[in-house]
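>>> Got a sequence here, can you model it:
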Amino acid sequence: MKFNKISPNNNISEFVKDIVLFEEDVSTSKTVLPFFADGLPGLVFHNTPEGQWAQPQNKKMPVSYIYGQTIQPMELHMEGTYQMIVFQLYPFVLSRFFPLNPKEIKDACFDLTQLDHWSQVIHKLHDSNDSSLQIEVIQEFLYNR
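Numbering: from 1, shown residues only. Below you'll find the model as predicted:
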C-alpha cells in the first residue's frame with residue numbers, strides 16, 4: 001500500500017488540514033485501514049472496484065462521502081486494488097459548506113451524491129485516473145463553496 005500526505009493549496013488551507021492519498025496496486029491484497037478518533041471530519045473519494053466497507057458497522061461505503069467527527073475508532077476494509085483520497089477538514093467546515101448538522105453525522109457518513117452540485121464534480125473525478133488531477137478537482141470544489 002502506498003500512502004502520501006499532501007498539503008492543501010493555500011486558498012483552502014484554512015479549512016483543510018491535510019489531504020491523504022492511499023493506493024494499492026496489487027489485485028490480490030486485502031487492506032484494513034484503521035481510523036482513530038481524531039475529532040476531524042473529512043471528505044472521501046475512492047475508486048475501489050470490490051467496494052469499501054466500514055467496520056464494525058459492516059456498511060458498504062458510497063464512492064464519495066463526508067464523514068463526521070470520529071469519536072469511536074473504525075476500520076475501512078477493501079480487497080484488491082483501490083485509490084482513496086481523504087480531505088481532513090476542520091470541524092467548522094461541515095455546517096458552513098454543506099447542508100448538514102455535524103451532530104447528525106458524528107461517527108457516521110453523508111453520501112455526497114445527495115448534493116446536486118456534486119454531480120459535476122463526480123463526473124470529473126471519474127473521467128480521470130490521475131490522483132493529482134482528482135485532488136485539484138476536489139480542491140476547486142471546496143474553494144468554490
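>>> Quick check: the gap between residue 52 and residue 74.
12 Å (CB to CB, to the nearest Å). All C-beta spots, glycine's among them, are computed from the backbone N, C-alpha and C.
>>> of the two, who's got more company?
Per other CB atoms under 10 Å, whichever of residue 52 and residue 74 has more neighbours is residue 52, with 22 against 18.
>>> give me the beta-bridge partners of that one?
residue 78 (DSSP bridges).
>>> So for stretch 73-86, first residue to last residue, what's the gap.
End-to-end distance of stretch 73-86 (CA to CA, to the nearest Å): 16 Å.
>>> which residue sits closest to residue 95, ignoring its sequence neighbours?
residue 102 (5.6 Å; CB to CB, 6 or more residues apart in numbering).
>>> since we're on that neighbour, how many residues are nearby?
16.
>>> Spit out the contact partners of it.
Residue 102 makes contacts with 41, 68, 69, 91, 94, 95, as judged by CB atoms under 8 Å, 6 or more residues apart in numbering.
>>> pretty sure the fourth one belongs to a strand, no?
If I follow you right, that is residue 91. No - per DSSP: H, G, I helix; E, B strand; the rest coil, residue 91 lies outside any strand segment and is coil.
>>> what about it, neighbour count?
13.
>>> is it true that it touches residue 69?
Yes - Residue 91 is within contact range of residue 69, at 6.3 Å (criterion: CB atoms under 8 Å).
>>> Mutual contacts of these two, please.
Counting by CB under 8 Å, 6+ apart, the common neighbours of residue 91 and residue 69 are 39, 40, 41, 102.
>>> Which residue is the nearest non-sequential neighbour of residue 56?
Per CB to CB, 6+ apart, closest to residue 56 is residue 74, 7.1 Å.
>>> who does that neighbour bridge with?
residue 35.
>>> which ones are touching the residue nearest to residue 36 when sequence neighbours are not counted?
Spatial nearest neighbour of residue 36, excluding adjacent residues (CB to CB, 6+ apart): residue 73 at 5.1 Å. Contacts of residue 73 were listed using CB under 8 Å, 6+ apart, and they are 34, 35, 36, 37.
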